[in-house]
Structure formats: C-alpha cells, structure tokens
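Novice: here is a sequence with its predicted model. Questions after.
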Amino acid sequence: MTTERMTPGYRLGVVDLGSNTSTLALYQVGLDGFVDRIHQRGEPLRLLRQLGGDRLFPVAAMDRVVQLVRGFVRTGKEWGVEQLLVVATAAVRDARNGQDLLERLRGEGCMVQLLSAEEEGLGAVTAAVNTLPVERGYLFDLGGGEYPDCAL
C-alpha cells in the first residue's frame, strides 16, 4: 500500500479465488495505522473440482466465478471500498484456460493478480502468523491445490 492509502478510513477489498472457496475480505485503515478487517464473506466455488482431465474450466464454471466476483464488487461498493483486488491461486494457475478467466475478470474492471505458488505460500504463512494466537509451532497449508507427486 502506498502512503496516501494508509490514511485513516481508507478501505480496501480483496477477493481470494482459492481452489475450493472464494473469499471477499474488506479492510479499513484505523487511526493508529493498523489495518482492520471490517467484513468477510466466503462462497464455495470448488474450482479445482471443475477442472477436467483436459485441465480446462468449463464455461459454466467461469460464468459462476464472474457472477460471484460481480456480487463481491457490489458489496465492496456498498461498504465504501476504494480499491478491490482479485487474487487467484492454484486452481487458476493450473488451468490451461486460467488466463481466459482472468481476462474476463479484468473485462469487468477488476484489478487481477495471479499469485505464484511462492507468493501464495508466503501469504498463507503471513496471515497465520499475524492472526493466530500461537507462539511456537508448525504451519501446514494443505489448500485445495493438487500435488501429483505427493502420495497421501
């Protein structure tokens, strides 16, 4: 975030297009400079399950994502969000037509970022470390991504 966006009252929204669930989280900068979550809503998408053997999202699955994100955009506007960012993770990365989905979302006026596996992992660790009341331990993010080299 740039300095001018860190002014108290600034509101930012983030849509996480995960492999199983899509989550809208809305944040506001407080008087002390900390960022507080003011609203959160998740919807099951099961994107990973939508990928067939051809690693393509069906059109109906992409339509559902676009409709859901449109609703999240409306919610963000209702809450006075000044900026909304859509981040996509493993299922979109793994899909052969994942870029097509991202382009459709950009066509809706969304700022969209496809996270690398490393960025996704760092985000999971950062969120856990900053929100869980644990002093020592291990973090495992099983996520919804597929790991063909891992026998469970």
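Specialist: Structure received. All of these numbers come straight from a predicted model, not from anything done at the bench.

Novice: pLDDT (mean, whole number) over the lengthiest helix in the chain?
Specialist: The residue-count maximum for a helix in the chain (DSSP state H) belongs to helix 59-78. The average of the pLDDT scores along helix 59-78 is 97.

Novice: so which residues of this structure form helices?
Specialist: The residue ranges that make up the helices of the chain, judged by DSSP H, are 47-50, 59-78, 90-94, 98-107, 117-131.

Novice: quick revisit: the longest helix of the chain versus helix 98-107: what angle between them?
Specialist: Calculated by axes from the mean of the first three to the mean of the last three Cα atoms, to 10 degrees, helix 59-78 forms an angle of 30 degrees with helix 98-107.

Novice: which secondary structure elements does helix 59-78 contact?
Specialist: With contacts taken as 3 or more Cβ pairs under 8 Å, 6 or more residues apart in numbering; DSSP states H and E, helix 59-78 sits against strand 11-17, strand 21-29, strand 35-44, helix 47-50, strand 83-88, helix 98-107. For the C-beta atoms, the positions are set from N, CA and C on the backbone; glycine is no exception.
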